[in-house]
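>>> predicted coordinates and the sequence they were generated for:
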Amino acid sequence: MMQDNITKLIVSIIIGLVIYLVVYFPLNLVFAPQPQTMMDMMRNMGSNNLQAQTINVVSIAISLMAVLFVYSKLNRPVVKPKPKQRDELSILKRALSEDEKKVISEIEKAEKITQDSLRFRLSWSKAKLSAILTRLDRMRIIQRERVGKTYNLFLEKKKR
């Protein structure tokens, strides 16, 4: 992780240097007077040329903004795609009854829930919930794991 951030920073700085050069030289050619004679060159060597300093500051400012922009774009959080299981589940939900969809939604929210807890959340009878869970288990949409007198329920994990 640390190595990744350092790499992003180095790439951003290199891009900033390139942008500095791309901005500085054209600005210098356009706005800084080019010495025509050797005498003009000698005069410019010892003096603090305000135009040259201004061009340098502008170039540095633009390149710093570019470095910050590139680094922020490189450091964006990676958006994780939805797991394939969720996509398959959304397709399966279209073919299920409303009650089966409610059961799956509750199991999805909790990730793992007991059958008794699910029954109380949905306010259904034991028989109704048991029949729906048996159908979903046979379709291999959910898994039931026996724990004492009840079951732990969770979505079926696909093995690929």
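The structure has been received and is ready for your questions. What you see is a predicted model; the values in this text were computed from it and never measured.
>>> surely Gly16 is in a strand?
No. Per DSSP: H, G, I helix; E, B strand; the rest coil, Gly16 lies outside any strand segment and is helix.
>>> surely it meets Ala61?
No. Using CB atoms under 8 Å, Gly16 is not in contact with Ala61, being 11.0 Å away. (Each C-beta comes from the backbone N, C-alpha and C, glycine too.)
>>> out of the two, which sits in the busier spot?
Neighbours were counted for Gly16 and for Ala61 using other CB atoms under 10 Å; Gly16 has more, 21 against 12.
>>> now that one: closest residue in space, sequence neighbours ignored.
Excluding its sequence neighbours, the residue lying closest to Gly16 (CB to CB, 6 or more residues apart in numbering) is Val67, at 3.6 Å.
>>> now the helix or strand in which the one you found is found: buried residues?
Here Val67, judged by DSSP states H and E, is contained in helix 50-74. Judged by neighbour count (16 or more other CB atoms under 10 Å), helix 50-74 contains these buried residues: Ala52, Ile55, Ser59, Ile62, Ser63, Ala66, Val67, Val70, Tyr71.
>>> and the nearest residue in space to Tyr71 that is not next to it in sequence, backbone torsions?
Distances taken as CB to CB, 6+ apart place Ser12 nearest to Tyr71, at 4.0 Å, with adjacent residues excluded. The phi and psi values for Ser12, taken as degrees, to the nearest 10, are phi -60, psi -40.
>>> break the protein into its domains for me.
2-74, 84-155 (automatic domain parsing).
>>> quick one on the thing from earlier: and which of the buried residues of helix 50-74 is nearest Leu29?
Set against Leu29, the nearest of the buried residues of helix 50-74 by CB to CB is Ile55 (9.9 Å).
>>> how near is the residue nearest to Gly16 to Thr54?
From Val67 across to Thr54, the span is 20 Å (CB to CB, to the nearest Å).
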